[in-house]
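Student: I'd like to go over a predicted model; first the sequence, then the structure.
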Amino acid sequence: MANAMKSSMKRIEALLIALLSFPLVAADGGGGCGEHQPGNGDSRTWTTGVLPQAEGTPQPMSAPWLSGPNCWKDLVAAAQACLRTPQAFGAFDERRQTCSLSGGGRLELAGPISTPAEDSRIYVATDWRLWGPHGRVCVTGKLLAANRSVVDVEGKSALFESSTLTAYGVTCPDGRTFRNDIDGVDPTFGALWLAGRAPGVVFECKGKTCTMSLKGGAAGDTPIASCQ
């Protein structure tokens, strides 16, 4: 049991590192839409909506909040609606920096990513954005500081902030903040995270196949783009 718990905590730490360690960039104001332009890898030019400002006392990631309707699930659903597909598939360019997706969408990264060995797995830390088939940016993920990142869906943003390797909070677009390290958190939070039921973003590569997932949506772990 102890070994299983240690293994679970190591995986939680790895996933949180992937979530909260995008390269440092500056944040811009404005909306997340616009005509599709070929990317040059400079994510400093990528825009997000107005960053939410935390209001009031942080609330716990309790069982009702995790299992019921919440702001993060709303953003995941909005992302899927904008992309017009539950999950898109595609192929990377030669540099493995952009990926043309099925249905006309596109995944764009701030820089090229390496290809791990066939049987290995890596968690990719990079700024990213997803274009929909209609020529607009649907979702953008950027780092604002070493422990602070934003996920924007068509101008509505959620802010992720970590205080330790396994403790973090989410600030909703309306300013409400929910944390996993205060009284009232669901006691099975670790297991729920591993099952994809807690908010988060994970971009992982297994061999040459890389998948972007939004964790904690209505369906739990929600893969939205997969490229190879």
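Tutor: Yep, it's here. The structure presented is a predicted model; accordingly, all values stated were derived computationally and were not measured.

Student: nearest spatial neighbour of residue 173, chain-adjacent residues omitted?
Tutor: residue 156 (4.7 Å; Cβ to Cβ, 6 or more residues apart in numbering). In short, each C-beta sits where N, CA and C put it, glycine included.

Student: ok, that neighbour - contacts?
Tutor: Residue 156 makes contact with 49, 75, 78, 173 under the criterion Cβ atoms under 8 Å, 6 or more residues apart in numbering.

Student: one more pass at 10 Å, please.
Tutor: When contacts are counted by Cβ atoms under 10 Å, 6 or more residues apart in numbering, residue 156 touches 31-32, 48-50, 52, 71, 74-75, 78, 172-174.

Student: who does the residue nearest to the spatial centre of the chain bridge with?
Tutor: By Cα atoms, centre = their mean, the chain has its centre lying nearest to residue 201, at 2.6 Å. With DSSP bridges applied, residue 201 shows beta-bridge pairing to residue 214.

Student: likewise residue 162?
Tutor: Counting by DSSP bridges, residue 162 is bridged to residue 168.

Student: tell me if I'm right that it and residue 147 touch.
Tutor: Yes. Contact criterion Cβ atoms under 10 Å: residue 162 and residue 147 qualify, at 4.5 Å.

Student: more neighbours: those two, which one.
Tutor: residue 162 (20 against 15; other Cβ atoms under 10 Å).

Student: and the pLDDT at that one?
Tutor: With respect to pLDDT, residue 162 has a value of 94.

Student: same deal with residue 1?
Tutor: 43.

Student: ok, now the one 4 residues further on?
Tutor: pLDDT, the model's per-residue confidence, is 40 for residue 5.

Student: can you map out the helices along this structure?
Tutor: Here the chain has its helices, by DSSP state H, at 2-20, 63-67, 71-83, 189-194.

Student: how far out from the middle of the chain is stretch 101-108?
Tutor: 17 Å (Cα atoms, centre = their mean, to the nearest Å).

Student: and if you look at stretch 108-125?
Tutor: Taking Cα atoms, centre = their mean, one finds stretch 108-125 lying 15 Å from the centre of the chain it belongs to.

Student: then stretch 138-157?
Tutor: 8 Å.

Student: now do stretch 64-84
Tutor: Distance of stretch 64-84 from the chain centroid (Cα atoms, centre = their mean) equals 12 Å.

Student: and that stretch, which residues are buried?
Tutor: Buried residues in stretch 64-84, counted by 16 or more other Cβ atoms under 10 Å: 65-66, 70-77, 79-80, 82-83.

Student: of the residues you listed, which is the nearest to residue 188?
Tutor: Taking Cβ to Cβ as the measure, residue 66 is the one of these closest to residue 188, at 9.4 Å.

Student: so who does that closest one touch?
Tutor: 60, 72-73, 178, 180, 185-186, 188-189, 192-193, 197-199, 216.

Student: so which of the residues you listed is the most crowded?
Tutor: Highest neighbour count within those: residue 199, with 28 neighbours (other Cβ under 10 Å).

Student: thinking again about what came up before, and the contacts of residue 66, which is closest to residue 167?
Tutor: Ranked by distance to residue 167 (Cβ to Cβ), the contacts of residue 66 are led by residue 180 at 6.2 Å.

Student: quick check: the closest one touching residue 161?
Tutor: No. Counting by Cβ under 10 Å, residue 161 is not a contact partner of residue 180; they are 11.4 Å apart.

Student: give the residues shared as contacts by the two.
Tutor: Listed as contacting both residue 180 and residue 161 by Cβ under 10 Å, 6+ apart are 167-170.

Student: right, I'll call it a day here.
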